[in-house]
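Peer 1: My questions concern the predicted model and sequence given below.
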Protein chains: 2
Amino acid sequence: MPVTIADVARQAGVSKTTVSRVLNTRGEVDAGTAARVREVIAALGYVPSSGAVGLARGSSRTVAMLTPPLTWPWMGEVLQGVVDTVEAAGYGLLLFTCNRGRESVEHFAGQVSARAFDGLLVVEPEDTLDTITAMHRKGLPVVLIDDRGHHPEFPSVATTNREGGASAARHLLADGRSRPLIVTGRPDFGCVRERLEGFLDVLPTDRVVGGDFTEVSGRLATERFLATGRPFDSVFAHNDLSAVGVLRALRAAGRSVPDDIAVVGFDDIPMAQHTEPPLTTVRQPMRRMGERAAGMLLAHLAGTPAPVEPVVLPTELIVRASAPA
Amino acid sequence: MPVTIADVARQAGVSKTTVSRVLNTRGEVDAGTAARVREVIAALGYVPSSGAVGLARGSSRTVAMLTPPLTWPWMGEVLQGVVDTVEAAGYGLLLFTCNRGRESVEHFAGQVSARAFDGLLVVEPEDTLDTITAMHRKGLPVVLIDDRGHHPEFPSVATTNREGGASAARHLLADGRSRPLIVTGRPDFGCVRERLEGFLDVLPTDRVVGGDFTEVSGRLATERFLATGRPFDSVFAHNDLSAVGVLRALRAAGRSVPDDIAVVGFDDIPMAQHTEPPLTTVRQPMRRMGERAAGMLLAHLAGTPAPVEPVVLPTELIVRASAPA
DNA sequence: CTGAAAGCGCTTACAG
DNA sequence: CTGAAAGCGCTTACAG
């Protein structure tokens, strides 16, 4: 039998109303009374039932997060940033991935309708965008962490993809590399276009081959380009995973990195430190993006409306052996 | 204004009791009445408020998970296994990491007392073990995913560390390697002792150096051992991260892998496929461990008590280039 | 088969 | 400064 507000009230010789008041630190309580109530609370180890509080107040002090597969190499950082921020605010975090298709989307939608949480954080919505849009229109506060598309309807957090691409180009240029090969991600992603444009602004080239962010695609793209015999002295891969494939293809072809070819990736996933050679890359501040998005959502719930314009956090070039300074 | 059970009752011309009965599919409702109520529910898009249901029933249909830092390379798999299982059961998953010391442990403890969830999954409890034990004694169902220590008080899921160590030894032996070096993890972890014992049973050696599961420790341990000049033809590292350090030290010393030295790790983190050469390793079924632990907790909540003995899932040797067959 | 009423544990006008 | 009462949206004996 957990202790309830009624137990505290009885024990302290006051009404439940008064206990509730000291709980919620409303000023209108006699200092002595308040002290006595607080003692009883401590003595009994009383903690208000979150369900009951939620029902009475009409909010749950819980936010939800909807993510792509958690095995993506940078999800850990994003999640950790979100969890830390949400925990620090005294909120709970409900996690959904909708990894199992329709059924899981429905379960998720059900939780929304059941008012199980007050706000929602979404990472890279893909096939859930319609569902989320509908929820948002019905009044659910939503913040996106999204690089792929631009959804002006939602507050969002992104990163400086364009400047990130430019920084990669400047780095290669400073090292005297003038004939880069670019291995892109899927061209329908906004981040891919921005990374490409930023790079091309600084270091124009027509050596551009398409990939899809997987290691295999990086390897194949490199092999295909090598087969053409066109010379190149560096590679800018649009994410680290495909850069790993690039490194592998270059090694298999007997090209030395960075002596023959310098390689720069994007993301700075944990693996980037451990490739051979370690990968120079444009770091996305995933943890800070998570913190920031969570902060915006929490602020919104507290009454501060989220910014209309996307919040854009800076990338940072991390120089390692695959493309030294 | 979300629609409530009262709206449905009014619209269908029945009492809230009856609506509740069809919601919870209790048999004692006239088929026609039930059908009518169901129509109204669909028409109104009614979903019961989870908070109100929880309060009335005294349970939340939510489980919590307490994890080490989410940036650990295998946490994504565990989490995904848990999320999938929990979602499929129609439960919510509340995520805690207690990453910020005392304060976050207190927040977590508060949520427990607030009965925000019905059961708890814990991954590798370290400094939270006391807190968890106390909660468990007060009646909170708990399942551990834990390799490190053995806590007979809790139901738990682990993996065949001993057999995993043995399989690594058999693999090396079959390849004609008879002088292994072992780079261990922290000796106070149960999994480390088991991996060591399993290996030594098959392939005894006194070439054992201590590490702590980090890449740096693997590198330093290897460097130190190389400095002694003692010959060895293979390395068994107690986890993949330290195996990455081993590979690096060997390369720096000009030893070829696997020609001079074969290397076997443990875990099969994503990075293991991308090292140079790719890492042969003993795979822990992290996702299935997550699924299984979640399944046990859910079953317990549904009335099937969890097994007293730890559930032990099999490891699997993954052969790659660092120690070919 | 169905409903009125009490209860889950809180909060919040309202009155004093 | 304090309390009685209603209400949040459900479920569940109890009675019929």
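Peer 2: All right, it came through fine. Residues are numbered from 1 along each chain as shown, chains lettered A, B, ... in the order given.
Peer 1: ok, so what distance separates residue A:143 from residue A:189?
Peer 2: Note on residue A:143: its distance to residue A:189, by C-beta to C-beta, to the nearest Å, is 19 Å. Backbone N, C-alpha and C define where each C-beta goes, glycine included.
Peer 1: what do you get for residue A:109?
Peer 2: Residue A:109 sits at a distance of 26 Å from residue A:189 (criterion: C-beta to C-beta).
Peer 1: Neighbour count for those two, which is higher?
Peer 2: Per other C-beta atoms under 10 Å in any protein chain shown, whichever of residue A:109 and residue A:189 has more neighbours is residue A:189, with 20 against 17.
Peer 1: hang on, that one packs against residue A:148?
Peer 2: Yes. Assessed by C-beta atoms under 8 Å, residue A:189 is found in contact with residue A:148 at 4.3 Å.
Peer 1: now check the top helix by length along chain A, is it near DNA strand C?
Peer 2: Looking across chain A with DSSP state H, the single longest helix is helix A:286-301. No. Contact of helix A:286-301 with DNA strand C (C-beta under 7 Å from any atom of the strand) is absent, the minimum separation being 14.2 Å.
Peer 1: For that helix, what is the distance to the chain centroid?
Peer 2: 9 Å (C-alpha atoms, centre = their mean, to the nearest Å).
Peer 1: do the same with stretch A:39-50
Peer 2: Centre-to-centre, stretch A:39-50 and its host chain are 36 Å apart (C-alpha atoms, centre = their mean).
Peer 1: With stretch A:54-66 instead?
Peer 2: Here the centre of stretch A:54-66 is set off from its chain's centre by 21 Å, with C-alpha atoms, centre = their mean.
Peer 1: Just the residues contacting that stretch, thanks.
Peer 2: The contact list for stretch A:54-66 (C-beta atoms under 8 Å, 6 or more residues apart in numbering or on different chains) reads A:50, A:53, A:79, A:82, A:86, A:90-98, A:108, A:111-112, A:115-123, A:125, A:128, A:132, A:294, A:297-298, A:301, B:49, B:51-52, B:55, B:94, B:116.
Peer 1: Drop anything exposed from those residues.
Peer 2: Buried members of these, scored by 16 or more other C-beta atoms under 10 Å in any protein chain shown, are A:50, A:53, A:79, A:82, A:86, A:91-98, A:108, A:111-112, A:115-123, A:125, A:128, A:132, A:294, A:297-298, A:301, B:49, B:51-52, B:55, B:94, B:116.
Peer 1: Select from the residues you listed every entry located in strands.
Peer 2: Here DSSP state E is the test, and the buried ones among the contacts of stretch A:54-66 give A:92-96, A:119-123, B:94 as lying in strands.
Peer 1: would you turn the residues you listed into CSV with pLDDT?
Peer 2: Formatted as CSV, those follow (pLDDT from 0 to 100):
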residue, pLDDT
A:92, 92
A:93, 95
A:94, 94
A:95, 95
A:96, 93
A:119, 94
A:120, 95
A:121, 96
A:122, 95
A:123, 94
B:94, 94
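Peer 1: Let's have those in a markdown table, adding distance to residue B:9.
Peer 2: As requested, those are exported to a markdown table (distance: C-beta to C-beta, whole Å):
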| residue | distance to residue B:9 |
| --- | --- |
| A:92 | 31 |
| A:93 | 34 |
| A:94 | 29 |
| A:95 | 34 |
| A:96 | 31 |
| A:119 | 30 |
| A:120 | 30 |
| A:121 | 35 |
| A:122 | 35 |
| A:123 | 39 |
| B:94 | 31 |
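Peer 1: Surely residue A:253 and residue A:227 touch.
Peer 2: No. With contacts counted by C-beta under 8 Å, residue A:253 stays clear of residue A:227, the gap being 9.5 Å.
Peer 1: Give me the neighbour count for the closest residue to residue A:278 other than its chain neighbours.
Peer 2: Nearest residue to residue A:278, sequence neighbours excluded (C-beta to C-beta, 6 or more residues apart in numbering or on different chains): residue A:320, at 3.9 Å. As a burial measure, residue A:320 scores 19 neighbours (other C-beta under 10 Å).
Peer 1: Surely residue A:320 is within a strand?
Peer 2: No. Counting by DSSP: H, G, I helix; E, B strand; the rest coil, residue A:320 is not part of a strand but coil.
Peer 1: Pull the contacting residues for it.
Peer 2: Taking C-beta under 8 Å, 6+ apart as the contact definition, residue A:320 lies against A:272-273, A:277-281.
Peer 1: Of those residues, which pair is most distant in space?
Peer 2: Pairwise distances across the contacts of residue A:320 peak at 12.1 Å for A:277 and A:281 (criterion: C-beta to C-beta).
Peer 1: With just CA atoms, put the lowest-mean-pLDDT helix or strand in chain A into PDB.
Peer 2: Least confident element among the helices and strands of chain A, by mean pLDDT, DSSP states H and E: helix A:102-113 (a mean of 82). Extracted in PDB, the C-alpha atoms of helix A:102-113 (Å, rounded to 0.1, in the frame of the first residue of the first chain):
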ATOM      1  CA  ARG A 102       1.800  -0.300 -39.600                       C
ATOM      2  CA  GLU A 103       0.900  -2.100 -36.400                       C
ATOM      3  CA  SER A 104       3.500  -0.100 -34.400                       C
ATOM      4  CA  VAL A 105       2.500   3.200 -35.900                       C
ATOM      5  CA  GLU A 106      -1.000   2.400 -34.800                       C
ATOM      6  CA  HIS A 107       0.200   1.600 -31.300                       C
ATOM      7  CA  PHE A 108       2.000   4.900 -31.300                       C
ATOM      8  CA  ALA A 109      -1.000   6.800 -32.500                       C
ATOM      9  CA  GLY A 110      -3.000   5.200 -29.800                       C
ATOM     10  CA  GLN A 111      -0.600   6.400 -27.100                       C
ATOM     11  CA  VAL A 112      -1.000   9.900 -28.500                       C
ATOM     12  CA  SER A 113      -4.700   9.800 -28.400                       C
END
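Peer 1: That one near chain B anywhere?
Peer 2: Yes. Against chain B, helix A:102-113 shows contacts by C-beta under 8 Å from any C-beta of the partner chain at A:103-104, A:107-108, A:110-111, A:113.
Peer 1: same thing with stretch A:24-43?
Peer 2: No. Counting by C-beta under 8 Å from any C-beta, chain B is not contacted by stretch A:24-43; separation bottoms out at 11.5 Å.
Peer 1: any idea how far stretch A:20-28 is from the chain center?
Peer 2: Put simply, stretch A:20-28 sits 37 Å off its chain's centre (C-alpha atoms, centre = their mean).
Peer 1: got a list of what the nearest residue to residue A:201 once chain neighbours are set aside touches?
Peer 2: Distances taken as C-beta to C-beta, 6+ apart put residue A:166 closest to residue A:201, at 6.0 Å, once the chain neighbours are dropped. Neighbouring residues of residue A:166 by C-beta under 8 Å, 6+ apart: A:198-199, A:201-202.
Peer 1: quick one, phi/psi of residue A:166?
Peer 2: phi -60, psi -40 (degrees, to the nearest 10).
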